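# Sequence and predicted structure are below.
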Amino acid sequence: MRIKVFNTLTRKKQVFKPLNDNEVRIYTCGPTVYDYAHIGNLRTYVNEDIIRRTFEIFGYKVLHVMNITDVGHLTSQADTGEDKIEKAAKEKQKTAWEIAEYFTQEFFKDIETLNIQKAHIIPKATQHIKEMQELIEKLKEKGYAYIIKDGIYYDTSKFKDYGKLSGMSFKKLNKYLIEGARVEPVEGKRNITDFALWKFSPKDKKRQMEWDYITEWKLSKEEYEKVLQFSKENPNIKILEVREENGYYRVKFNFVGFPGWHIECSAMSMKYLGETFDIHAGGIDHIPIHHTNEIAQSEGATGKKFVNYWIHCNFLLVNNQKMSKSLGNYYTLRDLLEKGYSWREIRFLFISAHYREEQNFTFEALNAAKASIERIRNFLHSLKNAKGKHSKEFTSILKKTKKEFLKNLADDFNMPKALATLFNFITEVNKLLAENKISERDGKKAIELILFFDKVLGLKLDEFLKEEELPEEAKKLIEERDRLRKEGRFEEADKIREELRNKYKIVLEDTDKGTIWKKAD
Ligand code: AMP
Ligand code: ZN
């Protein structure tokens, strides 16, 4: 079966064709490690996990790289404001290195909790300064780079088709960025879309994370004089050597500073995946700036196409606003776990919406996710105990379900539709179970199919099969209590609830999809 992918670059669903046989090379933008991830960020990582697992279930060999931004991401999307990590370090009275290390580890814990597969290679920006400087050197040689007061910038007017990922012309993108105040003006920048490749450490504040960058530039007299002035104002712009040559100046600098945010992803993705690779993914907020700039840097430097398919995940919203740190409308994973929700329910919630759709976060939706999981769990238990007679109908349902599930996944990773297929299967087989038309062997086959689906769902459904079951008597008591509640005999119903708690150590919860039980703590 062929996988169709919606490619932001072409704004079309396209049949996926890998560069090498059966291999998929994927780069996903990783976290900036200055704080805990919020569940909006995590929704994106779960969706990217679904994409990776889909390729794997279709037999592709995936090579997945995800970076850790441990330096250089400023508080604005562009090149102004403070470095997020240095800022957090100051606030928490730790070193920038400690902050980055701590939140990297917390991020790993979060993705492990949500059963997100770890990337095969997880490069850190601070360990790839050399590669970034080499890339800047190439851009300088090809005439894309220029020096202003606070750093080395990329001249976006020189890159053909700058902005093509956003579907906007150069002019329109410039206008969009100014009007949306997405980019603030920086003195000396040639175009509003220009961005920093390398920032000089400021003159008046000592940065904890900074590096030497020894580089030689050929400058006109006028350019040289300007930079000379900058170097007098900022000791981090060090002129090491000057040679005059036919009216030009060859100047050797040490630009003490740190990399721009975009350059890290260009440098690290190409280092590990090659100059051209299959898929680059991230959140939709990265289309007009971060990914647009990655393309300009990579293609500017190599002259080759950077990425064949760009995949962008939509936002998690709260009351129709993007969940974000700056709005303060966010939850972290630990917040939800502390409220008693399980990782499985949270993961299920994210996969129940398509990655290209916005998803509104509500506790009702989370409770519905809980009920859905419970339904799968009960179904698995029923299948385990199936002892009926085989029916042909079952075989055809099984076949149809597998085909449909995979078809939905192959259609731009349509997980909500794939889940609908799964729940349809549950409904149909439950009917057969009630009629005693599922044999022990059928039960096993149905379980096998669900565990196969779980390779993509990532819900660790096999754990449900290992669970001990409720004794018959307890099941009967639950039914009895349900009946009493329906009749409005709440006092008697509550007595049964107590009995279940004391005798069987289980607690009950009433949801709109029926009563579910859990082991008491
Ligand atoms: P950041 O650490 O801010 O670079 O964000 C990490 C990832 O999460 C990026 O791919 C963002 O696009 C994504 N992201 C940020 N906010 C949200 C949100 N509310 N919903 C979904 N993804 C988000
Ligand atoms: Zn990135």
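Perfect, thanks for sending it. Ligands and ions are numbered 1, 2, ... in the order given.
# residues near the closest residue to residue 307 other than its chain neighbours, how many?
Leaving aside its sequence neighbours, residue 307 sits nearest to residue 280 (C-beta to C-beta, 6 or more residues apart in numbering; 4.3 Å). The way it works is simple: take the backbone N, C-alpha and C, and place the C-beta from them, glycine included. Applying other C-beta atoms under 10 Å, we find 29 residues neighbouring residue 280.
# Ramachandran angles for residue 280?
phi -130, psi 130 (degrees, to the nearest 10).
# and it, bridged to which residues?
Beta bridges link residue 280 to residue 27, residue 310, judged by DSSP bridges.
# got a pLDDT number for it?
We have a pLDDT of 98 for residue 280.
# Show the contacting residues for it.
Counting by C-beta atoms under 8 Å, 6 or more residues apart in numbering, residue 280 touches 26-28, 269, 291, 294, 306-307, 309-311.
# and the residue of the stretch 151-300 of the chain found nearest ligand 1, what does it touch?
Nearest residue of the stretch 151-300 of the chain to ligand 1, counting by C-beta to the nearest ligand atom: residue 283, 1.7 Å away. For residue 283, the contacting residues are 29, 41, 44, 312-315, by C-beta under 8 Å, 6+ apart.
# Please repeat the previous calculation with a cut-off of 6 Å.
Applying C-beta atoms under 6 Å, 6 or more residues apart in numbering, we find residue 283 in contact with 44, 313.
# I'd like the contacts of residue 280 laid out as a markdown table, including neighbour count.
Shown next, in a markdown table, are those (neighbours: other C-beta atoms under 10 Å):
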| residue | neighbour count |
| --- | --- |
| 26 | 25 |
| 27 | 28 |
| 28 | 25 |
| 269 | 26 |
| 291 | 27 |
| 294 | 28 |
| 306 | 24 |
| 307 | 26 |
| 309 | 21 |
| 310 | 22 |
| 311 | 23 |
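# which other residues reach stretch 379-386?
So stretch 379-386 is in contact with 426, 433, 438, 443, 446-447, 464-465, 469, going by C-beta under 6 Å, 6+ apart.
# err, stretch 470-490, not the other one
492-493, 496, 500, 504, 515.
# Farthest pair within those?
The two members of those with the most space between them (C-beta to C-beta) are 492 and 504, at 17.9 Å.
# Report the buried residues of the helix or strand bottoming out on mean pLDDT in the chain.
When the helices and strands of the chain are scored by mean pLDDT, DSSP states H and E, strand 514-519 comes last with a mean of 72. Using 16 or more other C-beta atoms under 10 Å as the test for burial, strand 514-519 gives 516-517.
# Could you do stretch 379-394 as well?
Under the neighbour-count criterion of 16+ other C-beta under 10 Å, stretch 379-394 has 379-380, 382-384, 386, 388, 391, 394 buried.
# go on, stretch 464-480?
Here stretch 464-480 shows 464, 470, 474, 477-478 as buried, counting by 16+ other C-beta under 10 Å.
# Give the rounded mean pLDDT of it.
The model assigns stretch 464-480 a mean pLDDT of 84.
# Using CSV, write down the CA coordinates of that stretch.
The C-alpha trace of stretch 464-480 is given here as CSV (Å, rounded to 0.1, in the frame of the first residue of the first chain):
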residue,chain,number,x,y,z
PHE,A,464,-4.4,-5.2,29.7
LEU,A,465,-4.1,-8.9,28.8
LYS,A,466,-1.7,-9.5,31.7
GLU,A,467,-4.2,-8.0,34.2
GLU,A,468,-6.1,-10.2,36.5
GLU,A,469,-9.8,-10.1,35.9
LEU,A,470,-12.6,-9.3,38.2
PRO,A,471,-14.2,-12.3,39.7
GLU,A,472,-17.7,-13.1,38.4
GLU,A,473,-19.3,-12.1,41.6
ALA,A,474,-17.8,-8.6,41.5
LYS,A,475,-18.9,-8.1,37.9
LYS,A,476,-22.5,-9.1,39.0
LEU,A,477,-22.3,-6.5,41.8
ILE,A,478,-21.3,-3.8,39.3
GLU,A,479,-24.3,-4.7,37.1
GLU,A,480,-26.6,-4.8,40.1
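# from the contacts of residue 280, which is closest to ligand 1?
Closest to ligand 1, out of all of the contacts of residue 280 and judged by C-beta to the nearest ligand atom, is residue 28, at 7.7 Å.
# Report pLDDT for the closest one.
98.
# and what of residue 382?
For residue 382, the model assigns a pLDDT of 92.
# Tell me how far it lies from ligand 1.
Residue 382 is 36 Å from ligand 1, where distance means C-beta to the nearest ligand atom, to the nearest Å.
# In the strand or helix carrying that residue, which residues have enough neighbours to count as buried?
In this structure, residue 382 sits in helix 363-384 according to DSSP states H and E. Neighbour counts over helix 363-384 (16+ other C-beta under 10 Å) mark 365-370, 372-380, 382-384 as buried.
# could you point out which element follows it?
Immediately after helix 363-384, counting by DSSP H and E, sits helix 392-410.
# in its sheet, what does the least confident helix or strand of the chain sit against?
Strand 514-519 has these strand partners (DSSP bridges): strand 506-511 (antiparallel).
# got the angle between the strand it pairs with and helix 363-384?
Interaxial angle, strand 506-511 versus helix 363-384 (axes from the mean of the first three to the mean of the last three C-alpha atoms, to 10 degrees): 120 degrees.
# circling back to that earlier point, starting at the chain centroid, how far to the least confident helix or strand of the chain?
Its chain's C-alpha centre and that of strand 514-519 lie 32 Å apart, by C-alpha atoms, centre = their mean, to the nearest Å.
# Can I get that strand in PDB, CA atoms only?
C-alpha atoms of strand 514-519 as PDB (Å, rounded to 0.1, in the frame of the first residue of the first chain):
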ATOM      1  CA  GLY A 514     -21.100   3.500  31.500                       C
ATOM      2  CA  THR A 515     -19.400   2.500  34.700                       C
ATOM      3  CA  ILE A 516     -15.700   1.700  34.700                       C
ATOM      4  CA  TRP A 517     -13.600   0.200  37.500                       C
ATOM      5  CA  LYS A 518     -10.000   0.700  38.600                       C
ATOM      6  CA  LYS A 519      -7.800  -0.900  41.200                       C
END
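# Show residues contacting that strand.
374, 482, 506-509.
# Scan those residues and report the most crowded one.
Ranking these using other C-beta under 10 Å puts residue 374 first, with 20 neighbours.
# any idea how far it is from residue 150?
Distance, residue 374 to residue 150, using C-beta to C-beta, to the nearest Å: 56 Å.
# same deal with residue 94?
Taken as C-beta to C-beta, the span from residue 94 to residue 150 is 26 Å.
# who's more crowded, these two?
Neighbour count, other C-beta under 10 Å: between residue 94 and residue 150, residue 150 has more, with 24 against 14.
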